[in-house]
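**Student:** would you be able to build a 3D model of this:
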Amino acid sequence: MKKKLMALLLSAAMAAAVLTGCGGDTSTTADSTTEDTESVSGGEVEEIVFAYMTQNNIPEATELQRIEDLINAYTEEKINTRVQLVLFSNADYVNQVNLMLAAGEQVDLFQAYNTSHLKYIQDGTALDITDYLDNELKETAEIIYDDFLAPTTVEGRTYGILNMGSNYVPGGFCYREDITEELGIDMTQVTTPEALTEVFAQVKEAYPDMIVIDPNRANALFETYLGKIAGFDPLGDNITYSIAGVAYQDNSTVVNIYDTPEFRDLANLTRSWYQAGYFSADAATTTATTAELLMSGNCFGTFCGLGNPNIAQQYTTNYGYPFENIQISDSMIWAGDNNAWMINSTSKSPSAAAKFMNLLYTDAYVDNLLVYGEEGVDYQLDENECAVAPEGYTDLNSVKYTNNMNYYFWGNKWLTYPVVGGLYGEEKEANMAENYAGEHSAYYGFLFDYSEYEAQYTACLNIIEEYRKSLWVGAADVDTTLEELDSRLKAAGMEDLIAEKQTQLDKWLSDQEQ
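**Tutor:** Model (predicted):
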């Protein structure tokens, strides 16, 4: 599969180079795209609506139209399809897409962004794409990660495809390299979260007013420790704030994560860090972002995932201080139940939607248009084929169109150009190989259906929201907080959720043996 992807990358890059050279001649106006329904390759052009999202600024309508015209100049010839781009902010995406679906507005391709794709399958919104996997989506099926369709397959039928981001993500810590060098700290000896305690102590002694740990990414520590060291599978929940129970890799009994010794040990560790002053006193309530803290020069480091093993280079570029990173855990792949791309079952052009969906996973030109915009206008490439700001701009975020912060949200992240500090060449190939070979959880592919317990699920989620940040940063007494949390969760129905998840997991495991 990796060789197939590399071949696609090469061919797509060549096509992109040709199109970039004649970009001025192939773009069309908004008027012509709505009036011309005849493809240059012959036949009636099908029209679809693609709803996607951005963390960057929403571009002006004329700039979005410019990107849409460039895409259509390409897709009309390649797949006989015209694509209307509908762009929302990340924060608004789910609500807006759901409103469109409920109102019967045209939206052919959408993502179950940060929400369970199971509900779209159960209510019939998601189209069964199984038969398309051998046809319109054949190239995609050949290059995706092993077992990548399992989380979107129910009773042997497939209803969507997850975004192909990092599959291999060890836990890490990114820190100020100049400070560790000054203090003579050998970070190569630090391989566990616990081993960071002595490092934090030395930094705090030398810099008593410094915030040692960024509180915003304390959740990344909990993901690392609980999911990749303790080996819990959240079984459809978020590992950092489990709602309906987890299971150990070697024991399929569903348990309340907040009752486990591993969770208590980790909470006690962060509590000790808070009491020692490594977190700021307002860590549970501060509104200062990670970027603001690191750019201030008064924050030593932050927990992170190492989907990019050289992430510190990007921190150095973005935040103005020398950073380095260490790995503190291995990786573990468990099945997510959200972020699948799906075709609307009411689409009048499902084949065209599947063809465009295929391009998202296999075509570098389309992916980079959506991520970075137009080459030479919104970005340019440096000597390493990294995307950098074009002439006249200081950074990629200030151009007229960019979606670079969401580079892995749709399709295939391996198709997009890296930014400075990203991976390219042999490093990229090596990291890609790790992603294809990543270790899967024993429960990969299990989906938890809590639709019959929606009230209990929501009640428990709201309770956990009250406590999670204070536990992550150690701002609350562990014993008192966990006792109170446990009591409230039981009263809200967590035991019902765990029992139901156990029933579904037992059935799923039995089905795997057949």
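**Student:** run the chain-centre distance for stretch 78-86.
**Tutor:** 25 Å (Cα atoms, centre = their mean, to the nearest Å).
**Student:** list the buried residues for it?
**Tutor:** Lys78, Ile79, Asn80, Thr81, Arg82, Val83, Gln84, Leu85, Val86 (16 or more other Cβ atoms under 10 Å). No exception for glycine: its C-beta is placed from N, CA and C like everyone else's.
**Student:** tell me which of these is nearest to Thr130?
**Tutor:** Nearest to Thr130, judged by Cβ to Cβ, of those is Ile79 at 20.2 Å.
**Student:** shouldn't the closest one be in contact with Leu360?
**Tutor:** No - with contact defined as Cβ atoms under 8 Å, Ile79 does not reach Leu360; the gap is 11.7 Å.
**Student:** if we can go back for a sec, strands - which of the buried residues of stretch 78-86 land there?
**Tutor:** Thr81, Arg82, Val83, Gln84, Leu85, Val86 (DSSP state E).
**Student:** and the two most separated of those?
**Tutor:** Thr81 and Val86 (15.4 Å).
**Student:** any chance of the buried residues of stretch 78-86 in JSON lines, plus distance to Ile243?
**Tutor:** Listed next are those as JSON lines, based on distance: Cβ to Cβ, whole Å:
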{"residue": "Lys78", "distance to Ile243": "43"}
{"residue": "Ile79", "distance to Ile243": "41"}
{"residue": "Asn80", "distance to Ile243": "45"}
{"residue": "Thr81", "distance to Ile243": "40"}
{"residue": "Arg82", "distance to Ile243": "42"}
{"residue": "Val83", "distance to Ile243": "37"}
{"residue": "Gln84", "distance to Ile243": "37"}
{"residue": "Leu85", "distance to Ile243": "35"}
{"residue": "Val86", "distance to Ile243": "31"}
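**Student:** which one of those residues is nearest Glu383?
**Tutor:** Lys78 (29.6 Å).
**Student:** now that closest one. Nearest residue, chain neighbours left out?
**Tutor:** Of all residues not flanking Lys78 in the chain, Leu359 sits nearest, at 7.5 Å (Cβ to Cβ, 6 or more residues apart in numbering).
**Student:** assign a three-state SS to that neighbour, would you?
**Tutor:** Following DSSP: H, G, I helix; E, B strand; the rest coil, Leu359 is assigned to helix.
**Student:** give the contact list for it.
**Tutor:** Residues in contact with Leu359 (Cβ atoms under 8 Å, 6 or more residues apart in numbering) are Thr75, Lys78, Ile79, Val366, Asp367, Gly411.
**Student:** quick one: which helix or strand includes Asn72?
**Tutor:** For Asn72, the host element (DSSP states H and E) is helix 61-79.
**Student:** which positions in that helix come out as buried?
**Tutor:** Under 16+ other Cβ under 10 Å, the buried positions of helix 61-79 are 63-76, 78-79.
**Student:** so what does it touch, helix or strand wise?
**Tutor:** Using 3 or more Cβ pairs under 8 Å, 6 or more residues apart in numbering; DSSP states H and E as the contact test, the elements touching helix 61-79 are helix 23-26, helix 30-35, strand 81-89, helix 350-362, helix 364-372.
**Student:** which one of these lies nearest to Ser116?
**Tutor:** strand 81-89 (19.0 Å).
**Student:** which residues touch the closest one?
**Tutor:** Contacts of strand 81-89 (Cβ under 8 Å, 6+ apart): 33, 45-55, 58-59, 64, 67-68, 71-72, 75-76, 96-97, 100, 107, 349, 352, 355-356.
**Student:** torsion angles phi and psi at the spatially closest residue to Met494 that is not a sequence neighbour?
**Tutor:** Nearest non-adjacent residue to Met494, counting by Cβ to Cβ, 6+ apart: Cys460, 5.1 Å away. Main-chain dihedrals, Cys460, degrees, to the nearest 10: phi -70, psi -40.
**Student:** shaky segments in the chain?
**Tutor:** 1-42 (pLDDT under 70).
**Student:** just the buried residues of the contacts of strand 81-89.
**Tutor:** 33, 45-54, 59, 64, 67-68, 71-72, 75-76, 96-97, 100, 107, 349, 352, 355-356.
**Student:** hang on, the earlier thing: the ones in strands among the buried residues of stretch 78-86 into JSON lines, with extra columns for distance to Thr480?
**Tutor:** Conversion of those to JSON lines gives the following (distance: Cβ to Cβ, whole Å):
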{"residue": "Thr81", "distance to Thr480": "59"}
{"residue": "Arg82", "distance to Thr480": "60"}
{"residue": "Val83", "distance to Thr480": "55"}
{"residue": "Gln84", "distance to Thr480": "54"}
{"residue": "Leu85", "distance to Thr480": "51"}
{"residue": "Val86", "distance to Thr480": "48"}
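**Student:** any chance of the helices and strands packed on helix 61-79 in TSV, plus distance to Thr253?
**Tutor:** Converted to TSV, those look like this (distance: least, Cβ to Cβ, whole Å):
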stretch	distance to Thr253
helix 23-26	58
helix 30-35	57
strand 81-89	41
helix 350-362	37
helix 364-372	42
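**Student:** the nearest residue to Tyr401 once chain neighbours are set aside: how many residues sit nearby?
**Tutor:** Using Cβ to Cβ, 6+ apart and skipping the chain neighbours, the partner closest in space to Tyr401 is Gly373 (3.9 Å). Here the number of neighbours of Gly373 (other Cβ atoms under 10 Å) works out to 26.
**Student:** also Cys304?
**Tutor:** 24.
**Student:** in the sheet, who's paired with it?
**Tutor:** Cys304 forms beta bridges with Gly172, as assigned by DSSP bridges.
**Student:** before we move on, back to that, check the spacing between the residue nearest to Lys78 and Glu139 real quick.
**Tutor:** For Leu359, the distance to Glu139 (Cβ to Cβ, to the nearest Å) stands at 9 Å.
**Student:** next one: Cys460
**Tutor:** 42 Å.
**Student:** who has more neighbours, these two?
**Tutor:** A direct count of neighbours by other Cβ under 10 Å for Cys460 and Glu139 places Cys460 higher, at 25 against 16.
**Student:** now do the phi/psi pair for the closest residue to Lys428 other than its chain neighbours.
**Tutor:** Nearest non-adjacent residue to Lys428, counting by Cβ to Cβ, 6+ apart: Pro418, 7.2 Å away. Main-chain torsions, Pro418, degrees, to the nearest 10: phi -80, psi 160.
**Student:** what sits against Pro418?
**Tutor:** So Pro418 contacts Asn384, Glu385, Cys386, Ala387, Tyr424, Lys428 (Cβ under 8 Å, 6+ apart).
**Student:** what do you get for Val94?
**Tutor:** With Cβ under 8 Å, 6+ apart, Val94 has these contacts: Tyr113, Asn114, Thr115.
**Student:** so it is in which element?
**Tutor:** For Val94, the host element (DSSP H and E) is helix 90-103.
**Student:** give the buried residues for that helix.
**Tutor:** Tyr93, Val94, Gln96, Val97, Met100, Leu101.
**Student:** how about the CA coordinates for it, as PDB?
**Tutor:** Taking Å, rounded to 0.1, in the frame of the first residue of the first chain, the C-alpha atoms of helix 90-103 are listed here in PDB:
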ATOM      1  CA  ASN A  90     -14.300  24.200  12.900                       C
ATOM      2  CA  ALA A  91     -16.500  25.500  15.700                       C
ATOM      3  CA  ASP A  92     -19.600  25.900  13.500                       C
ATOM      4  CA  TYR A  93     -19.100  23.000  11.200                       C
ATOM      5  CA  VAL A  94     -21.200  20.200  12.800                       C
ATOM      6  CA  ASN A  95     -24.100  22.400  13.600                       C
ATOM      7  CA  GLN A  96     -24.200  24.000  10.200                       C
ATOM      8  CA  VAL A  97     -23.900  20.700   8.300                       C
ATOM      9  CA  ASN A  98     -26.600  19.200  10.500                       C
ATOM     10  CA  LEU A  99     -28.900  22.100   9.700                       C
ATOM     11  CA  MET A 100     -28.200  21.700   6.000                       C
ATOM     12  CA  LEU A 101     -29.000  18.000   6.200                       C
ATOM     13  CA  ALA A 102     -32.200  18.500   8.200                       C
ATOM     14  CA  ALA A 103     -33.400  21.200   5.800                       C
END
